[in-house]
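J.: Structure of the sequence below:
(one chain, ligands or ions: 2)
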Amino acid sequence: MGLKILGIETSCDETAVGVVEDGRQLLSNIVSSQVQLHAPYGGVVPEVASRQHIRDMAPALEKALSDSQVDLDDVDVVAATYGPGLAGSLLTGLNTAKALALSLGKPLVGVNHLEGHIYASWLARGSEEPPEDSPGFPLACLVASGGHTDLILMEGHGQYRLVGRTRDDAAGEAFDKAARILGLGFPGGPEIQKASDGVAGDEFPPLPRAWMRDTLDFSFSGVKTALLHLAQAQGLYPRDPESAGSKDVEEKVNRLVGEMAANFQASVVEVMVVKTLEMAKRYNARGIVLGGGVTANARLRADITGAASLPVLIPPPVLCTDNGAMIAACAYFQYSRGEEFGLDLDIDPALPLG
Ligand code: KG4
Ligand code: ZN
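T.: Ligands and ions are numbered 1, 2, ... in the order given. Prediction:
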């Protein structure tokens with residue numbers, strides 16, 4: 001009988017609970033998304049998010065247990081994200097985990113959200129071999145989400161060194177803002193990807209790439225501003241309400257939006273691919289690991305896999321975005337190396353990794 005870990009994730013706007021056996025076997029993974037709730041605002045509203053977590057937690061927990069066919073009494077370890085993230089959101093997940101650990105008399109493990117994203121690559125899928133300790137350490141990890149764009153050198157389980165980060169917007173944040181400029185929905189990443197699908201994106205000159213040579217840091221605010229100026233010059237921002245209704249105008253607007261979305265996506269993706277490969281080279285990495293919502297991006301996945309000469313581990317898209325299974329997978333390795341957490345564990349909205 002393997003070690004069954006219940007993983008809870010509420011750092012942002014997904015109420016997520018997963019059950020994982022021995023850090024690899026995904027038994028269930030329930031994600032209650034609040035996307036519809038936040039969509040009208042074009043971004044996550046923290047107060048709205050924390051209230052919704054309270055409503056969604058018990059149903060998500062029940063469904064995760066029933067899907068996994070694991071009784072609450074058979075859960076061996078209870079894990080939850082305790083940072084980084086939105087304070088009010090983190091509190092619901094961590095307090096639920098504490099209450100469960102206390103009432104079941106089982107150990108509690110607090111997980112760093114970014115470390116969780118990295119461990120999504122350890123979850124078994126299909127016939128593919130999960131990495132265990134292959135291809136070996138060190139691994140060059142790119143964690144790209146709504147709040148982070150970090151290059152993290154993983155020197156072993158639990159051993160991290162932050163070697164690059166964004167100096168302004170996170171990649172996901174840039175995608176979300178670009179989608180707003182182009183009049184697309186929220187979250188912006190999947191919308192930009194959809195609008196770019198099958199589009200060359202070469203009607204306008206390439207949007208800028210902030211290379212910032214000699215550093216592995218990122219900057220995405222410049223490309224966002226350049227997109228804004230392009231959209232303004234083409235009369236797309238602010239959008240003329242008159243443009244809706246006329247078929248010809250709508251077609252033209254859709255074409256321009258697709259062109260700009262593809263151009264923007266190409267810029268953000270290229271910088272992430274080049275910097276991740278550069279990091280892997282500089283630190284003699286044995287492999288590359290991707291994690292975080294932005295790494296669900298099809299263009300990024302295809303480009304980095306095509307360009308790298310090292311093994312590239314990318315979770316399936318549903319495990320790139322926030323989920324509880326990755327928290328349970330990560331907790332398994334923390335628990336195995338004897339990390340202990342008391343019931344006085346507090347949330348840490350700015351918790352660093354490495
Ligand atoms: O990791 P995640 O689910 O939550 C945070 O920890 O922030 O990442 C959410 C971010 C959002 O900004 C969303 O627009 C972006 O991931 N995202 C994508 C894609 N799917 C989600 N960005 C680009 N392409 C995608 N397909
Ligand atoms: Zn995340």
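J.: Show me what the longest helix along the chain is packed against.
T.: Assignment by DSSP state H gives helix 247-282 as the longest helix of the chain. Contacts defined by 3 or more Cβ pairs under 8 Å, 6 or more residues apart in numbering; DSSP states H and E place helix 247-282 against strand 139-144, strand 149-156, strand 159-165, helix 171-181, helix 188-196, helix 221-233, strand 287-291, helix 298-307. The C-beta positions use only the backbone N, C-alpha and C, and glycine is treated the same way.
J.: Could you single out the most deeply buried of the ones you listed?
T.: Most buried of the helices and strands packed on helix 247-282, by mean neighbour count (mean count of other Cβ atoms under 10 Å): strand 139-144, with a mean of 30.
J.: Report the angle between it and strand 149-156.
T.: Here the directions of strand 139-144 and strand 149-156 differ by 150 degrees (axes from the mean of the first three to the mean of the last three Cα atoms, to 10 degrees).
J.: Now do strand 139-144 and strand 159-165, the angle between them.
T.: Going by the same axes, to 10 degrees, strand 139-144 makes 50 degrees with strand 159-165.
J.: Residue numbers of this protein in contact with ligand 1?
T.: 12, 145-147, 172, 175-176, 187-190, 193, 292-294, 296-297, 321-322 (Cβ under 6 Å from any ligand atom).
J.: Would you tell me which residues of the protein are close to ligand 2?
T.: Applying Cβ under 5 Å from the ion, one finds that the chain approaches ligand 2 through 145, 322.
J.: Partner strands of the least confident helix or strand in the chain by mean pLDDT, with direction?
T.: Within the chain, no helix or strand scores below strand 312-313, which has a mean of 94 by mean pLDDT, DSSP states H and E. Using DSSP bridges, strand 312-313 pairs in its sheet with strand 287-291 (parallel).
J.: so what's the residue of the stretch 151-300 of the chain found nearest ligand 2 closest to, chain neighbours aside?
T.: Ligand 2 sits closest to Gly292 of the stretch 151-300 of the chain, with a gap of 5.4 Å, by Cβ to the ion. Closest residue to Gly292 apart from its sequence neighbours, by Cβ to Cβ, 6 or more residues apart in numbering: Ser145 at 3.7 Å.
J.: Quick check: the gap between the one you found and Leu162.
T.: 15 Å (Cβ to Cβ, to the nearest Å).
J.: next one: Leu343
T.: Taken as Cβ to Cβ, the span from Leu343 to Leu162 is 29 Å.
J.: wait, doesn't Leu162 sit right on Ile152?
T.: Yes: shown here, Leu162 and Ile152 form a contact pair, counting by Cβ atoms under 8 Å, at 5.7 Å.
J.: hey, what's in contact with both of these two?
T.: 353-354 (Cβ atoms under 8 Å, 6 or more residues apart in numbering).
J.: Just want the residue of the stretch 1-150 of the chain that's nearest ligand 2.
T.: For the stretch 1-150 of the chain, Cβ to the ion, closest residue to ligand 2: Ser145, 4.0 Å.
J.: Any idea how many residues pack against that residue?
T.: For Ser145, the tally of surrounding residues (other Cβ atoms under 10 Å) stands at 25.
J.: so it makes contact with His117?
T.: Yes: between Ser145 and His117 a contact is recorded at 6.9 Å, counting by Cβ under 8 Å.
J.: list residues touching both of these two?
T.: Common contact partners of Ser145 and His117 (Cβ under 8 Å, 6+ apart): Gly292.
J.: Now do the helix or strand His53 falls within: distance to the chain's middle.
T.: According to DSSP states H and E, His53 maps onto helix 46-68. Computed by Cα atoms, centre = their mean, to the nearest Å, the chain-centroid distance of helix 46-68 equals 19 Å.
J.: What is it packed up against?
T.: strand 4-9, strand 14-21, strand 25-33, helix 35-38, helix 87-104.
J.: Now tabulate the ones you listed in CSV and tack on mean neighbour count and mean pLDDT.
T.: Below are the helices and strands packed on helix 46-68 laid out as CSV (neighbours: other Cβ atoms under 10 Å; pLDDT from 0 to 100):
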stretch, mean neighbour count, mean pLDDT
strand 4-9, 29, 99
strand 14-21, 28, 98
strand 25-33, 19, 97
helix 35-38, 14, 96
helix 87-104, 20, 98
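J.: can you pull the contacts of the residue nearest to Gly292?
T.: 117, 170-172, 292-294, 322.
J.: Kindly report the same for Arg165.
T.: Counting by Cβ under 8 Å, 6+ apart, the residues that Arg165 touches are 148-151, 217-218.
J.: Among these, which one sits closest to Ala266?
T.: Phe218 (15.5 Å; Cβ to Cβ).
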